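# Mind looking at a prediction? Sequence and model below.
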Amino acid sequence: MIRTVNQRLLSLDILRGITIAGMILVNNPGSWSHVYAPLRHAEWIGLTPTDLVFPFFMFIMGISTYISLRKYEFRFSRTAAMKILRRSVVIFAIGLGITWFSMLCQTWNSLSDQSLPFFARLGQSMWTFDHIRIPGVMQRLGICYGATALITLTMKHKHIPYLIATLLAGYFLLLINGNGFEYNSSNLLSVVDRAVLGEVHMYKDNGIDPEGILSTIPSIAHVLIGFCVGRLMMRTQDIHAKIERLFLVGTVLTFSGFLLSYGCPISKKIWSPTFVLTTCGLGSTLLALLIWLIDVKGYQKPTRFFESFGVNPLFMYVAGGVLSILLNNLLFTYQRETISMHGFAYETVLRPFFGDYFGSFLFAILFVGLIWCIGYILYKKKIYIKI
């Protein structure tokens, strides 16, 4: 019998790394006009492989939250609450900072044809708060982590499944009574976001912001499911029993999500309840498979690439975002035309030799490889940057 009472599961780091590498990959094609179908999000209803990477990370975040909060013995204290709130605010602020930096660079370039003094141009570029997008990926992570951590320190764990069911059922009622499955501005999610945030602070997609206010409700339930799965894992000593339970949970959640999708369509953009169930189920199944392959069978070498992403996940995601902004906004003149470093790499180097789609895909692969180099240096030096 193999026991893993205090042993760290490498597979958890690997799955975390796969999701981060996947998020960076799908966010950085050579051209958004030439992206293979599996690397695109579903337009509205449905599920693609790309739709899985973010919810998988949130599922893992729930498991990691259970592991990290054990040191407090799941008892609420002022010290624990302040650390949780501080981390939530930092994650949210970093996400907002990335958005601000992107808008700064774009505005700076857009003012290049205006003969403005340097500091006037810099001031206009920096002051974009009147139309900056407030929601975002990191912002959602910060909110959901904070909410999950505080809930699990103040609520009996045996009652958490009931809270999850209440959140998902309540959100479903909001959707069916508020045009929640309509892909336009009549959708209740859009109405609330426009009323609270203002249209200028939202993502522009038929009035729907995929990280909007109301869809945060099922997102919290999503992380809580991860927490419950983490509790189930860590309370089970035998690693084979862990795998069996993860497969069982994964099967039940996945089939529940797909079966219920006949009445509640699966949609990432509104984070529908069936999207939560299906992606958590698939995440649990994949984690079980990885535990069997890596921690039981010992197939570790083929997965080492992802470990560099998995041990510094948020830093790697942020590094990818910042580097992507720089490559898209650092301009130079080539053959009498202004072009970005991103554009030069795709249009001049990759596209002529590999074609539109494969060249675009190859750019994304090379970009992930570049970020991996940063992560590998940190990994070899045993530098772990906690956010």
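Nice, I can see it. From a predicted model like this one, the values you see are computed outputs, not experimental measurements.
# Which stretches in the stretch 51-200 of the chain count as strands?
Assigned by DSSP state E, counting those that start in this stretch, the strands in the stretch 51-200 of the chain number zero.
# Let me see the ranges of the helices in it.
Along the stretch 51-200 of the chain, the stretches classed as helices by DSSP state H, counting those that start in this stretch are 78-110, 118-126, 137-154, 160-177, 188-196.
# could I get the ones you listed as JSON lines with mean pLDDT?
Converted to JSON lines, the helices of the stretch 51-200 of the chain look like this (pLDDT from 0 to 100):
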{"stretch": "helix 78-110", "mean pLDDT": "95"}
{"stretch": "helix 118-126", "mean pLDDT": "91"}
{"stretch": "helix 137-154", "mean pLDDT": "97"}
{"stretch": "helix 160-177", "mean pLDDT": "98"}
{"stretch": "helix 188-196", "mean pLDDT": "96"}
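# what sits against the residue positioned nearest the centre of the chain?
Using Cα atoms, centre = their mean, the residue of the chain that lies closest to the mean C-alpha position is residue 54, 3.4 Å off. Applying Cβ atoms under 8 Å, 6 or more residues apart in numbering, we find residue 54 in contact with 19, 23, 137, 268. (C-beta placed from N, C-alpha, C; glycine too.)
# Between its first and last residues, how far does stretch 113-133 reach?
Across stretch 113-133, the terminal residues are separated by 25 Å (Cα to Cα, to the nearest Å).
# Mind listing what's buried along it?
Within stretch 113-133, the residues that qualify as buried by neighbour count (16 or more other Cβ atoms under 10 Å) are 121, 124, 125, 128, 132, 133.
# Check stretch 45-63 too.
45, 47, 50-63.
# Pick out the most distant pair among these.
Farthest pair in the buried residues of stretch 45-63 (Cβ to Cβ) is 45 and 63. Separation: 28.3 Å.
# ok, back up a step: can you say which of the helices of the stretch 51-200 of the chain is nearest to residue 341?
Short answer: helix 78-110, nearest of these by Cβ to Cβ, at 12.1 Å.
# tell me which residues in the closest one are buried?
Buried-residue list, helix 78-110, by 16+ other Cβ under 10 Å: 80-81, 84, 87-88, 91-92, 94-96, 98-105, 107-109.
# now for it, which elements pack on it?
Under the contact criterion of 3 or more Cβ pairs under 8 Å, 6 or more residues apart in numbering; DSSP states H and E, helix 78-110 touches helix 118-126, helix 137-154, helix 313-329.
# Turn these into JSON lines, columns for distance to residue 192.
Converted to JSON lines, the helices and strands packed on helix 78-110 look like this (distance: least, Cβ to Cβ, whole Å):
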{"stretch": "helix 118-126", "distance to residue 192": "30"}
{"stretch": "helix 137-154", "distance to residue 192": "15"}
{"stretch": "helix 313-329", "distance to residue 192": "27"}
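# that older thread, hmm, which of the contacts of residue 54 are the buried ones?
Neighbour counting by 16+ other Cβ under 10 Å classes 19, 23, 137, 268 among those as buried.
# just curious, which of the residues you listed is nearest to residue 327?
Looking across the buried ones among the contacts of residue 54 and measuring by Cβ to Cβ, the closest to residue 327 is residue 23, at 16.7 Å.
# quick one: the host helix or strand of the closest one to chain centroid distance?
Using DSSP states H and E, residue 23 falls within helix 10-27. Mean-position distance between helix 10-27 and its chain equals 10 Å (Cα atoms, centre = their mean, to the nearest Å).
# Mind giving me the packing neighbours of it?
Against helix 10-27 (3+ Cβ pairs under 8 Å, 6+ apart) you get helix 50-69, helix 273-290, helix 304-310, helix 313-329, helix 356-380.
# Out of those helices, flag the one nearest residue 167.
Taking these one by one with Cβ to Cβ, helix 273-290 is closest: 8.7 Å.
# Compute the inter-axis angle for the closest one and helix 160-177.
140 degrees (axes from the mean of the first three to the mean of the last three Cα atoms, to 10 degrees).
# Who are the contact partners of residue 131?
Residue 131 touches 103, 200, 201, counting by Cβ under 8 Å, 6+ apart.
# wait, which of these is closest to residue 143?
Nearest to residue 143 among these is residue 201, at 15.6 Å by Cβ to Cβ.
# my guess is the closest one meets residue 136, correct?
No: with contact defined as Cβ atoms under 8 Å, residue 201 does not count as touching residue 136 (10.8 Å).
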